[in-house]
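> Next one to model:
(chains A and B)
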Number of protein chains: 2
Amino acid sequence: MLTLYSFGPGANSLKPLLALYEKGLEFTPRFVDPTRFEHHEDWFKKINPRGQVPALDHDGHIITESTVICEYLEDAFPEAPRLRPVDPVNIAEMRVWTKWVDEYFCWCVSTIGWERMIGPMARALSDEEFEAKVARIPVPEQRTKWRTARAGFPKDVLAEEMRKIGVSVNRLEMRLAESPWLAGDEFTLADVCNFAIANGMQNGFSDIVNREATPHLVAWIEKINDRPACKTMFAHSKSEFADRGRKVTA
Amino acid sequence: MLTLYSFGPGANSLKPLLALYEKGLEFTPRFVDPTRFEHHEDWFKKINPRGQVPALDHDGHIITESTVICEYLEDAFPEAPRLRPVDPVNIAEMRVWTKWVDEYFCWCVSTIGWERMIGPMARALSDEEFEAKVARIPVPEQRTKWRTARAGFPKDVLAEEMRKIGVSVNRLEMRLAESPWLAGDEFTLADVCNFAIANGMQNGFSDIVNREATPHLVAWIEKINDRPACKTMFAHSKSEFADRGRKVTA
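Alright, predicted model coming up:
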């Protein structure tokens, strides 16, 4: 039995969610509400002691880290439709892209997301409420991030992150101008993992991701949104967080 | 035919180097001299346009990124001794650890390494020589890193990186107190990839990595150094960079 704990179809939570739909695997989606800080509640920390989503429960085995979960689904369900190439050279190409999201692309977009969404959410709480929430966060680094978000990230940090987003968007556009999918001719986890971060940038970052500046990137985002699995995922997934995102960027 | 371009048995270059020796695969080691900035020369940029080692040439296919190369060797040579578990749950456990090195542990140790080794190397050059070297670096972020290293990293950056090294060392010690190897009962790429960064810390960071403070971590470092493949690797590998490291930290 598969249960996926996630924030719904956005950011890192989207990766295993879309992978599950693309692979046609039956699973129980368990929405963890970030606006209620559910991922820091004791019941969830019993599942993932780091208090982070996504987390996959497969027959009692807990798998964490979005990209690791995606590769786990490939290893555990070899008979389901593949999202990992067969040829070792192509697998390596795919992994360079999933690794790049995790080490570079995700972080700069995440900081801006935290500034726009987590900041206002944290400032809406009284000092007492906020401290009570922070005290439940198991990873010290995450506590610091919440405090910084509440105070507002320094302007030079935000400027540097926007620069990195520009570098990232350019890298994707250049690649997609020469290849239908990131790892070559096949739709793979390289696309799933980058889409998780890139989808929605045509709204929230429309000054740099748009049909004129990044035609190949926008076409790739639309092409993935048009896939049956992606449509089903968005139709069937609960996501208060995504709603908030839409409101903020509208 | 396999050729590995590397800086020799230290940091990220050590990962695929040790993996090749552990797997008993025949390969041609090609030492790229960092003190002569060989990785930024045109001949090497034809191999890896990003001007970074390690890079593996397998029958003309170029594989980059140290952790990706390690997994590639598992995919391409399934008949050689395994460094990746068979069970999907154990593979996921292994990947959480290799991912953690690449996203957290490697970076903080790397900054201190750059401060101690690259900084003096860059300051030994005249402005003209330095600018000529920097102009050949293909990745803009790397150019910035060279300039920062030459100027010396800001004190608060170094303090923050030392804090993160403390967090990292503690995480390894806690894990190795409960498990013989990082991903469980087997020696895997989790150990190879963390060893690449942790080995030598008992010298260069002896105030935090030592027999009293981190007995399990030191024992694990010694246990890996005692493996036949590791001994052969150090005996057969050219490494001017490692020599410099020993001099600086002696």
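> and chain A, which residues reach chain B?
Residues of chain A lying near chain B by Cβ under 8 Å from any Cβ of the partner chain: A:58, A:61, A:63-65, A:67-69, A:71-72, A:75-76, A:88-89, A:91-92, A:95-96, A:99, A:102-103, A:140-141, A:167. Using the backbone N, CA and C atoms, a C-beta is placed for each residue, glycine as well.
> How is chain A divided into domains?
A:2-76, A:88-231 (automatic domain parsing).
> Tell me which of those sits most buried.
Comparing the domains of chain A by mean neighbour count (mean count of other Cβ atoms under 10 Å in any protein chain shown), domain A:2-76 comes out on top with a mean of 20.
> re the thing from before, could you dump the domains of chain A into TSV with mean pLDDT added?
Listed next are the domains of chain A as TSV, based on pLDDT from 0 to 100:
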stretch	mean pLDDT
domain A:2-76	96
domain A:88-231	96
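> What ranges does chain A have for its strands?
Using DSSP state E, the strands of chain A run over residues A:2-6, A:28-31, A:55-58, A:61-64.
> so how far is the longest one off the chain centroid?
In terms of Cα atoms, centre = their mean, to the nearest Å, the centre of strand A:2-6 is set 14 Å apart from its chain centre.
> Pull up the pairing partners for it, direction included.
When pairing is defined by DSSP bridges, strand A:2-6 lines up against strand A:28-31 (parallel), strand A:55-58 (antiparallel).
> Just list the residues touching residue A:100, thanks.
Contact analysis of residue A:100 by Cβ atoms under 8 Å, 6 or more residues apart in numbering or on different chains lists residue A:171.
> Look up how far residue B:154 lies from it.
For residue A:100, the distance to residue B:154 equals 27 Å [Cβ to Cβ, to the nearest Å].
> Over to residue A:59?
49 Å.
> do the same with residue A:16
In terms of Cβ to Cβ, residue A:16 sits 38 Å off from residue B:154.
> swap in residue A:177?
As judged by Cβ to Cβ, residue A:177 and residue B:154 stand 38 Å apart.
> With just CA atoms, put the longest helix seen in chain A into PDB.
Looking across chain A with DSSP state H, the single longest helix is helix A:155-178. Extracted in PDB, the C-alpha atoms of helix A:155-178 (Å, rounded to 0.1, in the frame of the first residue of the first chain):
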ATOM      1  CA  LYS A 155      17.100  42.900  -0.100                       C
ATOM      2  CA  ASP A 156      20.500  41.800  -1.400                       C
ATOM      3  CA  VAL A 157      19.700  38.200  -0.700                       C
ATOM      4  CA  LEU A 158      16.500  38.500  -2.800                       C
ATOM      5  CA  ALA A 159      18.400  40.300  -5.600                       C
ATOM      6  CA  GLU A 160      21.000  37.500  -5.700                       C
ATOM      7  CA  GLU A 161      18.200  34.800  -5.800                       C
ATOM      8  CA  MET A 162      16.500  36.700  -8.600                       C
ATOM      9  CA  ARG A 163      19.800  36.700 -10.500                       C
ATOM     10  CA  LYS A 164      20.100  32.900 -10.000                       C
ATOM     11  CA  ILE A 165      16.500  32.400 -11.200                       C
ATOM     12  CA  GLY A 166      17.600  34.300 -14.400                       C
ATOM     13  CA  VAL A 167      20.500  31.900 -14.800                       C
ATOM     14  CA  SER A 168      18.200  28.900 -14.200                       C
ATOM     15  CA  VAL A 169      15.500  30.000 -16.600                       C
ATOM     16  CA  ASN A 170      18.100  30.700 -19.300                       C
ATOM     17  CA  ARG A 171      19.600  27.200 -18.800                       C
ATOM     18  CA  LEU A 172      16.200  25.600 -19.200                       C
ATOM     19  CA  GLU A 173      15.300  27.700 -22.300                       C
ATOM     20  CA  MET A 174      18.700  26.900 -24.000                       C
ATOM     21  CA  ARG A 175      18.200  23.200 -23.400                       C
ATOM     22  CA  LEU A 176      14.600  23.000 -24.500                       C
ATOM     23  CA  ALA A 177      15.400  24.900 -27.700                       C
ATOM     24  CA  GLU A 178      17.500  21.900 -28.800                       C
END
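> what does it rub up against?
Contact with helix A:155-178 is made by A:100, A:104-105, A:107-109, A:111-112, A:115, A:153, A:182, A:194, A:198, A:201, A:205, A:208-209, A:213-217, A:219-220, B:140-141, as judged by Cβ under 8 Å, 6+ apart.
> Repeat that for stretch A:125-138.
A:37, A:40-41, A:45, A:49-51, A:122, A:143, A:146-147, A:150.
> give me that answer again for 6 Å
For stretch A:125-138, the external contacting residues (Cβ atoms under 6 Å, 6 or more residues apart in numbering or on different chains) are A:37, A:40, A:50-51, A:143, A:146.
> cool, stretch A:74-88 as well?
So stretch A:74-88 is contacted by A:19, A:22-23, A:25, A:91, A:94, A:186, A:188-189, B:72, B:75-76, B:88, B:91 (Cβ under 6 Å, 6+ apart).
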